[in-house]
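**Student:** This is a predicted model, with the sequence first.
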Amino acid sequence: MTQPVRNWILNPGAMTLAELRAVWASTAASAQLVLSADAYPVIEASAAAVQAIVAKGDAAYGINTGFGLLAKTRIADDKLEQLQRNLILSHSVGTGELLSDAVVRLIMLMKIGSLARGYSGVRPLIVDTLIALYNAGIMPAIPAKGSVGASGDLAPLSHMTLAMLGVGEVRMQGQLIPAADALAQAGIAPVVLAAKEGLALINGTQVSTALALHGLFMAERLLEAAMVTGALAIDAAKGSDAPFDARVHAVRGQPGQILAAQLYRQLLAHSAIRASHLEGDERVQDPYSLRCQPQVMGACLDLIGNAGRTLLIEANAVTDNPLIFQDDAAGLAQIVSGGNFHAEPVAFAADTLALAIAEIGALAERRIALLIDATLSGLPPFLVREPGINSGFMIAHVTAAALASENKSLAHPASVDSLPTSANQEDHVSMATFAGRRLDEMARNTAVIIGIELLAAAQGIDFHRPLKSAPQLEHVHQQLRQKVPFFDADRYFAPDIEAARQMVLHGELSSTCKALFAPLYA
């Protein structure tokens, strides 16, 4: 029996990271979006203020003037609808691959929430049309490239708006079809934009923020997976759990480090492998890639948390221009030109996420190198029987090294770059869109590295049989072995790596111990 689709009441300005994460992770609109009834009066008041400005005849940027350097050009009242339509058509200049449905859903959701706060001067019809598209699973075809992150994500948001006009293409159930056909199938009428509405739709940081949120949620999965594989690598190399002693981390005081150490203690608890070398082990200290995991992963955790706080604020923000403020005392409205479309906070958040993603992968690559080195790990060279006739994990590590190095270049901060646009009217830009977009490639690189570490660490555990690792880690080992058998001799290796990569990307390594990782998001 099909379960009824529940409603999700959107309260503008009050979305949570958990809600955004659920929207990102769903394969479609899992709940019908319904705007809180309290939002409609403020939307209507804002739209009425725009109409009052038009009726009064005063010049107001974006309402009855041109845009950018053409802001001094006055537009006649009978051309205002054409002005808004022309704005969307002329600004739809994106290029590159289309953004994923997960990212587009976030863009639409955040744009709905922003417009519904009542500072943008659009009619309820505009918000309701966007909601209708979202609920019908009509995803505008938005090219990934073409925004510099100020004055808002103009080009990609124009492509989003095209779908509301019945122009261009959209994706429905994974298929590209003409927007006009999709609207007709869903019973949604194309909109005719009124004064300011086109500008309100395309001015804003929603694309940059959605791309950065995608990177954030990927980084969370990578962090969890790498902590699991890192713990597995400790047992594979017969490393010590002494460096995770709570007292060591308490005296430093870094919150992410303290939490990471706690998680490693829990993951490694009751390991028979660890118990087997508590005494008589001649090694005094493990290499940093094992011993300093709380310090490195805890720092990554703190960066990810800080980025999440910034991005949540931005997800709920009003970032178009100009904005309309109601003066309740005087019964008047003021239109104010500002610069909330400048996505510098998003660019900084994305750049710090890039650092975290790169370091998660860099540390995992070092552990792979340790495991295949018999002098450090005590395991067979390259983790295979009969080394020499078999190369084992030798070149898998080369792949990990190549990707870790690639991520170093990609981690260069995008926010320090700026190219003036619009004849120097927009003379400093954030590059937030690229800052967020490159996180996906980095995350996928790191997922491969972690996947290779998973294979290597599991191989090491098998060489210690009949001893068992910790219960949580044994379960992960069992999950892997259901998909990838023990590497007893050289074979076609790429499918094994792909299977492990998919486990990382889909969050399978931590899925059975979510309670352990819940404090990361408290």
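**Tutor:** On my side now, so go ahead. These numbers come from a predicted model, not from an experiment.
**Student:** do you know how far the residue sitting furthest away from the middle of the chain is from Thr399?
**Tutor:** When distances to the mean C-alpha position of the chain are computed (CA atoms, centre = their mean), the maximum falls on Gly280, with 46.4 Å. Separation of Gly280 from Thr399 (CB to CB, to the nearest Å): 36 Å. C-beta: built from backbone N, CA, C; applies to glycine.
**Student:** which residues touch the closest residue to Leu199 other than its chain neighbours?
**Tutor:** By the measure of CB to CB, 6 or more residues apart in numbering, the closest residue to Leu199 outside its immediate chain neighbours is Gly62, 4.2 Å from it. Residues in contact with Gly62, defined by CB atoms under 8 Å, 6 or more residues apart in numbering, are Lys196, Leu199, Asn203, Asn321, Pro322.
**Student:** From what I see, the third one and Ala155 are in contact.
**Tutor:** By that I understand Asn203. No: between Asn203 and Ala155 there is no contact under CB atoms under 8 Å: 11.9 Å.
**Student:** Please identify which of those two sits among more neighbours.
**Tutor:** Using other CB atoms under 10 Å, the more surrounded residue of Asn203 and Ala155 is Asn203, with 26 against 21.
**Student:** Quick check: next helix or strand after the helix or strand encompassing His477?
**Tutor:** Using DSSP states H and E, His477 sits within helix 471-481. Sequence order places helix 494-505 as the next helix or strand after helix 471-481, per DSSP H and E.
**Student:** Let me see the contact set for Val429.
**Tutor:** Val429 is in contact with Val148, Gly149, Ala150, His342, Ser418, Leu419, Pro420, Thr421, counting by CB under 8 Å, 6+ apart.
**Student:** Which two of those residues have the greatest separation?
**Tutor:** Greatest spatial distance among those (CB to CB): His342 and Leu419, at 14.2 Å.
**Student:** Of the two, give the one with the bigger neighbour count.
**Tutor:** More crowded of His342 and Leu419, by other CB under 10 Å: His342, with 21 against 10.
**Student:** quick one: the residue nearest to Leu199 is in a helix?
**Tutor:** No: assessed with DSSP: H, G, I helix; E, B strand; the rest coil, Gly62 is coil; it does not lie in a helix.
**Student:** measure it to Leu130 for me?
**Tutor:** Gly62 is 19 Å from Leu130, by CB to CB.
**Student:** Ok, Ala141 next?
**Tutor:** 16 Å.
**Student:** Then Ala250?
**Tutor:** From Ala250 to Leu130 the distance is 49 Å (CB to CB).
**Student:** more crowded one of the two?
**Tutor:** Using other CB under 10 Å as the criterion, Ala250 and Leu130 rank with Leu130 on top: 26 against 12.
**Student:** What's the mean pLDDT across stretch 191-208?
**Tutor:** For stretch 191-208, mean pLDDT rounds to 96.
**Student:** ditto for stretch 390-402
**Tutor:** Average pLDDT, stretch 390-402: 98.
**Student:** Any idea how far it is from the middle of the chain?
**Tutor:** 29 Å (CA atoms, centre = their mean, to the nearest Å).
**Student:** cool, stretch 81-94 as well?
**Tutor:** Between the centre of stretch 81-94 and the centre of its chain there are 29 Å (CA atoms, centre = their mean).
**Student:** Contacts for it next, please.
**Tutor:** 66-67, 75, 142-147, 154-156, 158-159, 161-162, 165, 167-168, 192-199, 201-202.
**Student:** buried stuff in that stretch?
**Tutor:** Within stretch 81-94, the residues that count as buried by 16 or more other CB atoms under 10 Å are Leu83, Gln84, Arg85, Leu87, Ile88, Leu89, His91, Ser92, Gly94.
**Student:** For it, the averaged confidence score.
**Tutor:** For stretch 81-94, mean pLDDT rounds to 94.
**Student:** Am I right that Gln459 is in contact with Asp488?
**Tutor:** No: assessed by CB under 8 Å, Gln459 is found out of contact with Asp488, at 9.8 Å.
**Student:** where do the contact lists of those two overlap?
**Tutor:** Val384.
**Student:** of those two, who's got more company?
**Tutor:** Gln459 (24 against 12).
**Student:** tell me which element that one falls in.
**Tutor:** Going by DSSP H and E, Gln459 is in helix 432-463.
**Student:** now do Gly118
**Tutor:** Counting by DSSP H and E, Gly118 is found in no helix or strand.
**Student:** For it, give its distance to Asp327.
**Tutor:** Applying CB to CB, the value for Gly118 to Asp327 is 14 Å.
**Student:** who's more crowded, these two?
**Tutor:** Taking neighbours as other CB under 10 Å, Gly118 and Asp327 compare with Gly118 leading, 24 against 9.
**Student:** what's near enough to touch the more buried one?
**Tutor:** Gly118 is in contact with Pro12, Ala39, Val42, Ile43, Ala45, Ser46, counting by CB under 8 Å, 6+ apart.
**Student:** Pick out whichever of those residues sits closest to Leu125.
**Tutor:** Proximity of the contacts of Gly118 to Leu125, judged by CB to CB, is greatest for Ile43, which lies at 9.7 Å.
**Student:** How about residues contacting the helix or strand harbouring that closest one?
**Tutor:** Element membership of Ile43 [criterion: DSSP H and E] is helix 39-56. Contact partners of helix 39-56, identified using CB under 8 Å, 6+ apart, comprise 11-12, 60, 63-64, 77, 80, 115-124, 127, 194-196, 324, 326, 333, 335.
**Student:** Just the ones of those residues in helices?
**Tutor:** Among the contacts of helix 39-56, the members found in helices (DSSP state H) are Leu80, Leu115, Pro124, Val127.
**Student:** so what's the third one up against?
**Tutor:** When the contact criterion is CB under 8 Å, 6+ apart, the partners of Pro124 are Tyr40, Ile43, Glu44, Ala47.
**Student:** looking at those residues, which has the most residues close by?
**Tutor:** Ranked by neighbour count (other CB under 10 Å), these have Ile43 at the top, with 25 neighbours.
**Student:** any idea how far that residue is from Asp128?
**Tutor:** Ile43 is 10 Å from Asp128, where distance means CB to CB.
**Student:** How about Leu455?
**Tutor:** According to CB to CB, Leu455 stands 50 Å off from Asp128.
**Student:** Likewise for Ser430?
**Tutor:** According to CB to CB, Ser430 and Asp128 sit 31 Å apart.
**Student:** Convert the helix holding Ile43 to CSV, retaining C-alpha atoms only.
**Tutor:** Below are the C-alpha coordinates for helix 39-56, written out as CSV (Å, rounded to 0.1, in the frame of the first residue of the first chain):
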residue,chain,number,x,y,z
ALA,A,39,3.9,34.3,5.3
TYR,A,40,1.2,35.4,2.9
PRO,A,41,0.2,38.8,4.5
VAL,A,42,3.9,40.0,4.5
ILE,A,43,4.4,38.8,0.9
GLU,A,44,1.2,40.7,-0.2
ALA,A,45,2.3,43.8,1.7
SER,A,46,5.7,43.8,0.0
ALA,A,47,4.1,43.3,-3.5
ALA,A,48,1.7,46.2,-2.8
ALA,A,49,4.6,48.4,-1.9
VAL,A,50,6.2,47.8,-5.3
GLN,A,51,2.9,48.6,-7.0
ALA,A,52,2.6,51.8,-5.0
ILE,A,53,6.1,52.9,-6.1
VAL,A,54,5.2,52.2,-9.7
ALA,A,55,2.0,54.2,-9.3
LYS,A,56,3.7,57.1,-7.7
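**Student:** what comes up buried for that helix?
**Tutor:** Ala39, Ile43, Ser46, Ala47, Ala49, Val50, Ile53, Val54.
**Student:** Relative to Leu193, how far out is the last one?
**Tutor:** The one in question is Val54. Counting by CB to CB, the gap from Val54 to Leu193 is 13 Å.
**Student:** same check, this time on the first one
**Tutor:** Going from Ala39 to Leu193 by CB to CB gives 20 Å.
**Student:** Report the angle between the helix or strand containing Glu220 and helix 432-463.
**Tutor:** For Glu220, the host element (DSSP H and E) is helix 206-236. Calculated by axes from the mean of the first three to the mean of the last three CA atoms, to 10 degrees, helix 206-236 forms an angle of 20 degrees with helix 432-463.
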